[in-house]
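Novice: based on what follows, work out the 3D shape:
(chains A and B)
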Amino acid sequence: MTPLAGYLLVAALVFAIGLAGALTRRNAILVLIGIELMLNAANLNLIAFWRYGPHPEALTGMMFAVFSIAVAAAEAAVGLGLVISIYRHARTTDLDEMNRMKG
Amino acid sequence: MTIVFWILAVMTVSGGLAAVLLKNTVHCALAVTGAFAGLALLFLQLDAQFAGFAQILVYIGAVAILVVFAILLTRGSETPESGVFSRTWLVGLCIAAGVFAVMAWAILNSASALPHESATPDVSVMQIGNALMGRYVLPLEIVALLLTAAMIGAVIVAMHEKGDVK
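Specialist: This next block holds a predicted model:
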């Protein structure tokens, strides 16, 4: 197994764990944590391909990963703000109980 | 495949698994911080120092704290008596396992076609700064705008509404 394949397998495993968390947990905050794990797995793929790809001096994969980290931070801030807002309204963060759009 | 890689891989994957499986939400936040740290160390192992330290600053420094704040503000640390997993957990688990199976199959079958340059890339922070101010200046400005908009949006969304009796 080449080093790149090892990193890609770890990234695939972390992505699958994040996906399982996002699909199976009831708590909205833990769903967001699962989404963050999936974003991080994608970043690991980008960095690994940058490191073992033909032109690392062009910095393409690294820049993509850095911008992706910034976008993920914005997503986390807005997502957690929405969770707090919904909690204030519905007094719960249980996604199975959030089944109506009416206020 | 060095021993360091395997240690970091086990640390990352076990942190992620604990974050998904543990019952107490605060423990989940701590476990996911461990997974973020493992990923940052994997970035450092891949000679991407800048991305690794950005990962530590943004995820362990900011996102983990945000998650803990959200948990404490929503009383999410109390374990609900109806269980922590959703009613359709089996379907979600099957989807995740299927996705992992497809990706692992694709990676293992294309292993010979993957690039494997062994030369260590020599990237200084100065080169990254030059690239950010030169070739990537438009994405940088867009990300700056996005972060400002997201920050203001998050504050407005989470702000107490006037006349809110609770």
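Novice: looks to me like A:Pro54 is in a strand.
Specialist: No: A:Pro54 is assigned coil when assessed by DSSP: H, G, I helix; E, B strand; the rest coil, not a strand.
Novice: that one and B:Glu117 touch, don't they?
Specialist: Yes: counting by Cβ atoms under 8 Å, B:Glu117 is a contact partner of A:Pro54 at 6.0 Å. For the C-beta atoms, the positions are set from N, CA and C on the backbone; glycine is no exception.
Novice: more neighbours: these two, which one.
Specialist: Set side by side, A:Pro54 and B:Glu117 show more neighbours around B:Glu117, with 13 against 7, by other Cβ atoms under 10 Å in any protein chain shown.
Novice: in a strand, the more buried one, correct?
Specialist: No: when the secondary structure is assigned by three-state DSSP, B:Glu117 falls in coil instead of a strand.
Novice: so where's chain B uncertain?
Specialist: Scanning chain B with the threshold set as pLDDT under 70 gives B:1, B:76-77, B:81, B:161-166.
Novice: B:Ala131 is in contact with A:Leu59, correct?
Specialist: Yes: contact criterion Cβ under 8 Å: A:Leu59 and B:Ala131 qualify, at 5.0 Å.
Novice: out of these two, which sits in the busier spot?
Specialist: A:Leu59 (22 against 19).
Novice: show me the contacts for that one.
Specialist: A:Trp50, B:Val123, B:Gln127, B:Ile128, B:Ala131 (Cβ atoms under 8 Å, 6 or more residues apart in numbering or on different chains).
Novice: so A:Arg37 sits right up against A:Leu13, yeah?
Specialist: Just to correct that, residue A:37 is Leu rather than Arg. No: counting by Cβ under 8 Å, A:Leu13 is not a contact partner of A:Leu37; they are 10.4 Å apart.
Novice: so the two - more neighbours on which side?
Specialist: A:Leu37 (27 against 19).
Novice: give me the pLDDT for the more buried one.
Specialist: For A:Leu37, the model assigns a pLDDT of 94.
Novice: excluding covalently adjacent residues, which one is nearest to it?
Specialist: Setting aside the residues directly before and after it, A:Leu37 is nearest to A:Gly18 in space (Cβ to Cβ, 6 or more residues apart in numbering or on different chains), at 3.1 Å.
Novice: which residues do A:Leu37 and A:Leu13 both contact?
Specialist: B:Gly16.
Novice: so what does A:Asp94 look like in phi/psi?
Specialist: With angles defined as degrees, to the nearest 10, A:Asp94 sits at phi -80, psi 120.
Novice: over to A:Asn27?
Specialist: Dihedral angles (degrees, to the nearest 10) for A:Asn27: phi -80, psi 130.
Novice: name whatever forms a beta bridge with it.
Specialist: According to DSSP bridges, the partner residues bridging A:Asn27 are A:Asp94.
Novice: neighbours of it, how many?
Specialist: Residues near A:Asn27, counting by other Cβ under 10 Å: 24.
Novice: any idea which residue sits dead centre in chain B?
Specialist: Nearest to the geometric centre of chain B sits B:Phe36, at 5.8 Å (Cα atoms, centre = their mean).
Novice: roughly how far does that residue sit from B:Thr12?
Specialist: 9 Å (Cβ to Cβ, to the nearest Å).
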